[in-house]
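Novice: here you go, sequence then predicted model.
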Amino acid sequence: MAKLTKFEALKKDFLRSLSAEKYALLEKLSDYSSCISDFIFRHTEQLDYIYENLDKPLLGREGLIEEIKELLDLNDTNLFVQKLTFFKLKHFSRIVAKDIYRKHDLLELTEEYSHLADASFEMCYKKAVEKTKKRYGTPIDQETGEEAEGAVIALGKLGGLDLNYYSDVDVMYIYSNEGKTDKGVSNREFFIQVFQTVTMLMTKRNIEGQPWIVDLDLRPEGRKGFIAYSLPAVEFYYWSHGRTWERHMLIKGRHSAGSKRVSEDFMKIIKPFVYRKHAGLEVFEEIVEMKRLIEEEAKKKIKDAVDVKRSEGCIREIEFTVQVLQLMYGGKNPDLQERRTVEALRKLVKHGILNKAQGEILEEAYYFLRKLEHIIQIKNCVQTQTFHLKYADEYAGKMGFSSKEQFLEKLNFLRKEVKNIFEGISPAVDAKLSPLQKYILTKQYIEEVVRYLGSLGFKNPEWALNIFKDIFFSKLYVELSENSKEVLFSFIPILEHKLKEFEDREDFLLNFRKMIIDGGMLWVFVSALEQNPNLVEFMLNIAKFSDYISDLMSKDRELLDWAFGIEDIPREKDDFEKELSVIPADIEYTDRLKKLKKIVEVLVSLNYLSKIHRDSPEERLKEINHSLSNLADFILEKLYLYYGGKNFAVYSLGKLGSREMNIGSDLDLIFVFKDEESKNRLIKIPLNIVKALTSYSREGILYNIDLRLRPFGKGGELSPSLSFYKNYFQKEARVWERLAWTKARFITGDGDVREEMEYLIEEFLFGSPVDSRFINEAVDMRFRLEGLAGETPEEIDIKLGKGGITDIEFLVQIYTLKNKKRITNILEGVEIFKRNLIDDYLFLREVEARLRMIKGIGLSKIYRNSPFLYRISHSFSMEPADLWNKMIETKKEIRDIFLREIKILRERG
């Protein structure tokens, strides 16, 4: 009778009205739970409801939601919260009564209780959205234009449909996307307000008590984080900051309330994060460390008591055993991706990860300890899992044991068995992850990964780690499919090896990051990893070899579409015209030409690099020279027409004149007017062309211009007339200028001017003999250029230095003049006049081409200790010292031939 003292004192008539069955029910409920007793005391009619429902089916989620819908019409917040609390206590009492009378299995009852929380969240969410819309308007998803929606994600025991009878509810609040409401309020502000209201309604104390205790600590960034996050923000957070414990926690994530579609999208996001295909030893080690912390917590014993949740061999160890094994094997076996602890346990046995005996022990212990936990919690309606031994007799009876000793013996036996299984967890692992993989997976062990990167040869390991974080914690990586993430993750050891083997690893890694992250090529690279190993090597070679191309592709993502969308490399005027027509016409004209130049340079360079170990050097070189020279011709012609050019012609000397343009080559331009009158009238046109060529914009620059080869060099006129050139060639031009003008080639302009200028050039080149005096002056000029190169034992100039490319050019030009053959192309001249120099010439030109491709500028000097030497040698599959020696030997051979040929020419002259 003591259990019903309050009823005896204040509600005797109620007690007398009860049947024996209802009286026994009330007595049992009051014995088990003071808060249920208090609830029935306030609402005696609820005893009838509980009694009538003892043998009825469970309501389930939908049945509970249907019943709670009547609360939507309540506008008074206090009344709403009061009714919500009443609703919770009514069904809580019904569920506990069914449990006491063993009408349903434990899992069925905890599922029903979990759905009771879901129904409460559902109603609070609807109420909060309705209220917030009236104030802030309707939130709009910035990507779809549709209404943005929110959802409540159940976590912990609520997520696992295993909610305790007196436990807090772990949840996370999310919404579909950023944007604004139709009243201009940000979606973030809208949903923060919504979920603040939800939390208030779920937790507000009232005369019935408190509906629920809501715990939001498991959300991204915990208590420091926002109350609600958009799906993109959640996805980015987990992949860039998510720890192993968060994977552990999200095993139980599920839809609780709000938009089911948003919850489904959330599940799609977290599934590949939680269940990884890689089960590395290091991941298990981190899980073991988490286990150790639990054990430390468990050792904080309470005198004469046992914490049935945290103590050794108790609920936490059972859950942890199951979840550890799910994390280790769930990525490869989707059947293990189960939220409910007992169901997951049974599947682990089914798949042979736990043996049958272990499974039976753990399941029996789980049922035993959860039932004991419930009895402890509802006794005084407090959130505790502490079993005080002084209550052993009482708990033994409620647990169905005939004596305290029998009960305690069972408790101790199960705890010991659970502890043994827990301590014996040793899952098989696929392979040992590298420290970098380990860090990316766990976001832990930073000191270890820094040491490791140092061992790979990085001068600044912290810098290298940040570059890897830029890749693997990037939005692009987050947006990859589950399989693609795993493919890239698996590639890490291969990349580490390539970085270790490549001395200029800093630039290699930086270029790699630029291309795949800044340039948006990550999806291309991952696709290549899956389908095209040759493309993988090709992209890695670009990162190793060319800062210039890597930089271009990182700054202009459209180049990616061009690079992988054009089958044939544009080489001729018609090709350039076609590509120019595709570039949007609303872009300023010179910027369109600049974009065309970038596209062609990238395509030509990629083509060159793809053939770097195939085709003959001659074919590779001719292809790149031909394409880039034709491109410069095309651009000059376009600018001539764009600015209304007439009565003058554009010629080029140097690399463009000889059709040997390379990456970074400047233009040696000559402008020739028909006469003085035309020059005075149209002088601004050449100026405009020069300005267009050299001006910078967001698209960069077209070309640098070198005017030193025009009459009187930089101090001379930009655009002299034909009559000027006639006089200059006859009276002013020096010997070296005859050599330079052997490369003179008409580019574009007036046909009549071209005809007269060609005659003047022919006369200038071949009108006087190539005698010993001429040869001496030419050689003297060559040696002066050599002196300007300033070579040292540690630095060579492959162009102007002793035995460099210029030696060969001078020889070919002298033979061109001597034989009165109009040959502008040096390679063609070598093939005709000095075939024995062809291999040396091609070798130095290829070294020059690859040197220029590194930075995209006109370099010809190489230092012995320069990383450029290493990168170029790598492209030749040579050691740096071997390449250096070969260049020295080649230059010596060229110089020997040069001096021998000059001697012969002098003797014949």
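Specialist: Good, I have the coordinates.
Novice: which is the next helix or strand following the lowest-mean-pLDDT helix or strand in the chain?
Specialist: Lowest by mean pLDDT, DSSP states H and E among the helices and strands of the chain is helix 558-563, with a mean of 60. On the C-terminal side of helix 558-563, the nearest following helix or strand under DSSP states H and E is helix 573-582.
Novice: for that following helix, buried residues please.
Specialist: 575-576, 579-580 (16 or more other C-beta atoms under 10 Å). Glycine gets a C-beta too; all of them are placed from N, C-alpha and C.
Novice: got the CA coordinates for stretch 371-382 in CSV?
Specialist: Output of stretch 371-382 as CSV, limited to C-alpha atoms (Å, rounded to 0.1, in the frame of the first residue of the first chain):
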residue,chain,number,x,y,z
LYS,A,371,16.2,-3.6,-19.1
LEU,A,372,18.1,-2.9,-15.8
GLU,A,373,19.0,0.6,-17.1
HIS,A,374,15.3,1.3,-17.8
ILE,A,375,14.3,0.1,-14.3
ILE,A,376,16.9,2.4,-12.7
GLN,A,377,15.9,5.4,-14.8
ILE,A,378,12.2,5.3,-14.4
LYS,A,379,12.3,4.6,-10.6
ASN,A,380,12.8,8.3,-9.8
CYS,A,381,12.5,9.7,-13.3
VAL,A,382,16.1,10.8,-13.5
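Novice: now the helices for the stretch 501-650 of the chain?
Specialist: 505-513, 522-531, 533-545, 547-555, 558-563, 573-582, 589-610, 617-642 (DSSP state H, counting those that start in this stretch).
Novice: would you list these in a markdown table and tack on distance to residue 184?
Specialist: Compiled in a markdown table, the helices of the stretch 501-650 of the chain are given as follows (distance: least, C-beta to C-beta, whole Å):
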| stretch | distance to residue 184 |
| --- | --- |
| helix 505-513 | 38 |
| helix 522-531 | 35 |
| helix 533-545 | 45 |
| helix 547-555 | 35 |
| helix 558-563 | 34 |
| helix 573-582 | 39 |
| helix 589-610 | 36 |
| helix 617-642 | 46 |
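Novice: ok, which of those helices comes nearest residue 891?
Specialist: Proximity to residue 891, assessed across these by C-beta to C-beta, is greatest for helix 617-642 (17.1 Å).
Novice: elements contacting the top helix by length along the chain?
Specialist: Counting residues, the longest helix found in the chain (DSSP state H) is helix 106-136. Applying 3 or more C-beta pairs under 8 Å, 6 or more residues apart in numbering; DSSP states H and E, one finds that helix 106-136 contacts helix 60-68, helix 77-100, strand 150-154, helix 156-159, strand 169-175, helix 187-203, strand 254-258, helix 356-380.
Novice: which strands or helices does whichever helix or strand comes after that helix pack on?
Specialist: The helix or strand immediately downstream of helix 106-136 is strand 139-141, counting by DSSP H and E. Contacting strand 139-141 under the criterion 3+ C-beta pairs under 8 Å, 6+ apart are the following elements: strand 179-181, helix 187-203.
Novice: let me have the ones you listed in CSV, extended by mean neighbour count and mean pLDDT.
Specialist: Below are the helices and strands packed on strand 139-141 laid out as CSV (neighbours: other C-beta atoms under 10 Å; pLDDT from 0 to 100):
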stretch, mean neighbour count, mean pLDDT
strand 179-181, 20, 95
helix 187-203, 21, 97
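Novice: make JSON lines from these and add distance to residue 140 to it.
Specialist: As requested, the helices and strands packed on strand 139-141 are exported to JSON lines (distance: least, C-beta to C-beta, whole Å):
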{"stretch": "strand 179-181", "distance to residue 140": "5"}
{"stretch": "helix 187-203", "distance to residue 140": "8"}
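Novice: who wins for proximity to residue 754 among these?
Specialist: strand 179-181 (61.9 Å).
Novice: for the closest one, packing partners?
Specialist: On a contact count with 3+ C-beta pairs under 8 Å, 6+ apart, strand 179-181 meets strand 139-141, helix 187-203.
Novice: redo that, cut-off 10 Å
Specialist: helix 106-136, strand 139-141, helix 187-203 (3 or more C-beta pairs under 10 Å, 6 or more residues apart in numbering; DSSP states H and E).
Novice: could I get those as JSON lines with distance to residue 317?
Specialist: Converted to JSON lines, those look like this (distance: least, C-beta to C-beta, whole Å):
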{"stretch": "helix 106-136", "distance to residue 317": "18"}
{"stretch": "strand 139-141", "distance to residue 317": "44"}
{"stretch": "helix 187-203", "distance to residue 317": "30"}
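Novice: out of those, flag the one nearest residue 377.
Specialist: Minimum separation from residue 377 across those (C-beta to C-beta) falls at helix 106-136, 11.7 Å.
Novice: hmm, back to that, quick one, which of the helices and strands packed on strand 179-181 is nearest to residue 36?
Specialist: Residue 36 lies closest to helix 106-136 among the helices and strands packed on strand 179-181, at 13.2 Å (C-beta to C-beta).
Novice: distance check, residue 10 against residue 4.
Specialist: To residue 4, residue 10 is 11 Å away according to C-beta to C-beta, to the nearest Å.
Novice: overlap in contacts, these two.
Specialist: Taking C-beta atoms under 10 Å, 6 or more residues apart in numbering as the contact criterion, the residues that touch both residue 10 and residue 4 are residue 41.
Novice: between these two, who's got more neighbours?
Specialist: Neighbours were tallied for residue 10 and for residue 4 using other C-beta atoms under 10 Å; the higher tally belongs to residue 4 (17 against 10).
Novice: element containing the residue nearest to the more buried one when sequence neighbours are not counted, please.
Specialist: Distances taken as C-beta to C-beta, 6 or more residues apart in numbering put residue 30 closest to residue 4, at 5.8 Å, once the chain neighbours are dropped. Of the helices and strands defined by DSSP H and E, residue 30 is found in helix 20-32.
Novice: rounded mean pLDDT for that helix, please.
Specialist: Helix 20-32 shows a mean pLDDT of 94.
Novice: who's in contact with that helix?
Specialist: For helix 20-32, the external contacting residues (C-beta under 10 Å, 6+ apart) are 1-7, 14-19, 36-41, 44, 47-48, 50-52, 54, 93, 96-97, 99-101, 165, 374-375, 378-379, 394, 397-398.
Novice: downstream of it, the next helix or strand is which one?
Specialist: Following helix 20-32 in sequence, per DSSP H and E, is helix 34-42.
Novice: how far off helix 77-100 does the very next helix or strand once past that next one point, in degrees?
Specialist: Once the chain leaves helix 34-42, the next helix or strand it forms, by DSSP H and E, is helix 45-52. In terms of direction (axes from the mean of the first three to the mean of the last three C-alpha atoms, to 10 degrees), helix 45-52 departs from helix 77-100 by 40 degrees.
Novice: tabulate the CA atom coordinates of helix 45-52 in CSV.
Specialist: The C-alpha trace of helix 45-52 is given here as CSV (Å, rounded to 0.1, in the frame of the first residue of the first chain):
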residue,chain,number,x,y,z
GLU,A,45,-8.6,8.7,-16.6
GLN,A,46,-5.2,7.8,-18.1
LEU,A,47,-5.1,4.5,-16.1
ASP,A,48,-8.1,3.3,-18.2
TYR,A,49,-6.3,4.3,-21.4
ILE,A,50,-3.1,2.4,-20.3
TYR,A,51,-5.1,-0.7,-19.2
GLU,A,52,-7.2,-0.8,-22.4
